[in-house]
Structures are given as structure tokens and as C-alpha cells.
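Asker: one predicted model, sequence on top.
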Amino acid sequence: MSILKQVISDLVGMFLKDARLTASILVLVAGVAFLIRNAGLTPLTGGWLLLGGSLALLVISVLRASGRD
Amino acid sequence: MDWATATPAISAAFLASLVEVVEAFTIILAVATLRGWRPALAGTFAALGLLALVVIILGPLLDRVPLHLLQLVVGILLLLFGLGWLRKAVLRAAGVIPLHDEEAIFRREQAELGQQADIGARSQDWIAGIAAFKAVLLEGLEVVFIVIAVGAGRGLLWPAAGGALAAVVVVLSIGALIHKPLAKVPENTLKFGVGVMLSAFGVFWTGEGLGISWPGADLSLLWFAGAFLATGLISVGLVRARTPEADA
């Protein structure tokens, strides 16, 4: 049973290493999808927003972690 | 097979698997040197059998998922996974968190297994076998995910699986020769590179899943990888500048 628990926790941990980073990525993707589908944003502009947002989230997450640690 | 499309998927699967197999090999070797190769191999093959079962069950299901949905789900998971790896690699490169030390993990695993000396030899073999099983299963699941994630969107599962298999062969061949944990593998550099590639794939597939046609099609992966690499390196510099004691 402990093996199963560890496997599940490891699987979840693969994608949720940092809860705030995970939440931010999901919000970014949902936001880009919303803007493309409902706000008339061209898909390609949405794509650049997705790329730029991901890069920004990386920097923010790293700086936040370095300040905390 | 179009090599311009397949090469990034194969190299991402190879490099990511290299990191995972090195980590699993350290535990297998710790088990083998303490309790012999029998429990180490029994645990390893049991885990490989379970992983094969997961692939056999999941593989056909992937064909039933609509392509755009598959690309979107895999893309988001890759973004979560890749940015997580890249973030950790940046923090390690900047000296904020310690580097992964295979020698230390090897010694710790041996010490943990050595604590069971008061129970019978058969039970010790079981515990050692389970340690190998867990290590191979946990690292193997990550390999399976990466192979599916980088290969499924373009029908490149087999080439990506070939990349992963090549990593297994390389690590086991070197491991069999030197019979020590592969501590000299530049693991954080590899993780940095893999984080860059997985994040690039994540943006690419998420975009495709959202209906975005990237300029240059698959070649845009290279631009994305370049952007993540540059941002990762700049982040290392920023963190070092903020925490000068990290360099000490």
C-alpha cells in the first residue's frame, strides 16, 4: 500500500512541484484560450502570449524561490 | 519519418531518460552491492513488467483521444513538467539548492537497507528487491510519460521510445563497466537541457491544441528552445546577482 501511495504522490509531484507555478501556468493557458475563443485575439498572437507568459512565469518562480530560500 | 520533426522528440526522450535511468541505476546498484544482484534484478524486472503493462493498456487508448485534445492535454502537462524541471535546474545552477549527488544517494540507500540487519536474510532480500522495484517504477513512469508526451502528438511514439531505450543501453553499459554510481554525469546540465526541451514542446503542443499554426511549423520548436535556454541562463545570472553567497 505504501508503494502505491508513493507512486501516486510521485506522479502528482511530477506536475505539481510548485503549487503557485502550476496554478499560474493553468491560469495562463486558460486565459490565452479564452482570449482566442471569446475576445477575438488571433491564434498566433495568443501563441506569442503563451510563450512570453511561460518565460515570464519561469523567471518569477525562480526569483520567488531564491528570495524564499 | 521526417527527421526534422523526429530529431527533437528522439533527443528529448533520450536525454530525459538518461537522467531518469542514472537515478534508478544508483538505487539498483546500492541494492546489488548490499544484497546481491538477485533481489536487485527481481525488483527491476518486476517494475519493468508493470511499466510494460501500463504502456500496453495506455497505448491503444491514446489512439481514441481526438488529436487536438491530446495535444492540449499533453502540452499542458509538458509545460507543468518542463518548467518544473527547468526551475529546479536554474536554482541548482545558481547554488540556491544543492546539486543532485548520486554518490550521496548511493550511500544513503545502502545505509537505509543496512538498518534492516536484525531481520532474516529472506526479508532483507524482499526489502532490497522492493527498493529496486520502487526506484525503477517511479523513474520509469517519468520515462513513459516523457516518451508519450514528446511522441504522441506527431505519431512518433516508436522513435521516442527508441531514444529512451538507447539511454537505458548507454547507462547500463557504462554502469556494468565501471560498477559505480554514475556520479560524473553532468546531471544538472542535462536536466537544464531537458527542462528547456520539454518546456519548448509544452508551448508547441499547447498552442497546437488551441488551434495555433506556428510559423515554421516544427522548426518553431528550436526558437522556443532557444528562448527557454536564454531565459533560464538569464535567470541563473539574476539569482546569483541577488544571492552572492550562493557562489561561495
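Answerer: Here it is on my side, so go on. For clarity, every value in this text was computed on a predicted model and none was experimentally measured. Numbering: from 1, shown residues only, chains lettered A, B, ... in the order given.
Asker: for the spatially most central residue of chain A, which non-adjacent residue is closest in space?
Answerer: Of all residues in chain A, the one closest to the mean position by C-alpha atoms, centre = their mean is A:Ile25, 1.9 Å from it. Leaving aside its sequence neighbours, A:Ile25 sits nearest to B:Leu79 (C-beta to C-beta, 6 or more residues apart in numbering or on different chains; 5.3 Å). C-betas here are computed from N, CA, C, even on glycine.
Asker: walking through chain A, point out its helices one by one.
Answerer: A:2-15, A:19-38, A:43-68 (DSSP state H).
Asker: would you mind finding the most buried of these?
Answerer: helix A:43-68 (a mean of 18; mean count of other C-beta atoms under 10 Å in any protein chain shown).
Asker: other SSEs contacting that one?
Answerer: helix A:19-38, helix B:67-93, helix B:187-209, helix B:220-242 (3 or more C-beta pairs under 8 Å, 6 or more residues apart in numbering or on different chains; DSSP states H and E).
Asker: relative to helix B:220-242, how tilted is the second one?
Answerer: Helix B:67-93 runs at 30 degrees relative to helix B:220-242, counting by axes from the mean of the first three to the mean of the last three C-alpha atoms, to 10 degrees.
Asker: cool, the third one as well?
Answerer: Here the directions of helix B:187-209 and helix B:220-242 differ by 130 degrees (the same axes, to 10 degrees).
Asker: now the shortest one
Answerer: What separates the directions of helix A:19-38 and helix B:220-242 is an angle of 140 degrees, with the same axes, to 10 degrees.
Asker: quick one: mean pLDDT for helix A:19-38?
Answerer: The average of the pLDDT scores along helix A:19-38 is 93.
Asker: what's the answer for the longest one, then?
Answerer: Regarding helix B:67-93, the rounded mean pLDDT is 90.
Asker: the residue nearest to the centre of chain A reaches B:Leu83, doesn't it?
Answerer: Yes. Applying C-beta atoms under 8 Å as the test, A:Ile25 and B:Leu83 come out as touching, 6.5 Å apart.
Asker: any shared contact partners between those two?
Answerer: A:Ser54, A:Leu57 (C-beta atoms under 8 Å, 6 or more residues apart in numbering or on different chains).
Asker: how much space between the residue nearest to B:Val65 when sequence neighbours are not counted and B:Leu80?
Answerer: For B:Val65, ignoring the flanking residues on the chain, the nearest one in space by C-beta to C-beta, 6+ apart is B:Val73 at 7.8 Å. Counting by C-beta to C-beta, to the nearest Å, the gap from B:Val73 to B:Leu80 is 11 Å.
Asker: same thing with B:Leu233?
Answerer: If you go by C-beta to C-beta, the gap between B:Leu233 and B:Leu80 works out to 22 Å.
Asker: what helices or strands is the helix or strand of chain B with the lowest mean pLDDT leaning on?
Answerer: Least confident element among the helices and strands of chain B, by mean pLDDT, DSSP states H and E: helix B:102-114 (a mean of 77). Using 3+ C-beta pairs under 8 Å, 6+ apart, the elements in contact with helix B:102-114 are helix B:3-35, helix B:121-151.
Asker: state the pLDDT value of residue 63.
Answerer: Chain wasn't specified; assuming chain A. 92.
Asker: not what I meant, chain B
Answerer: pLDDT, B:Asp63: 75.
Asker: roughly how far does it sit from B:Glu187?
Answerer: 35 Å.
Asker: same question for B:Asp218.
Answerer: Separation of B:Asp218 from B:Glu187 (C-beta to C-beta): 28 Å.
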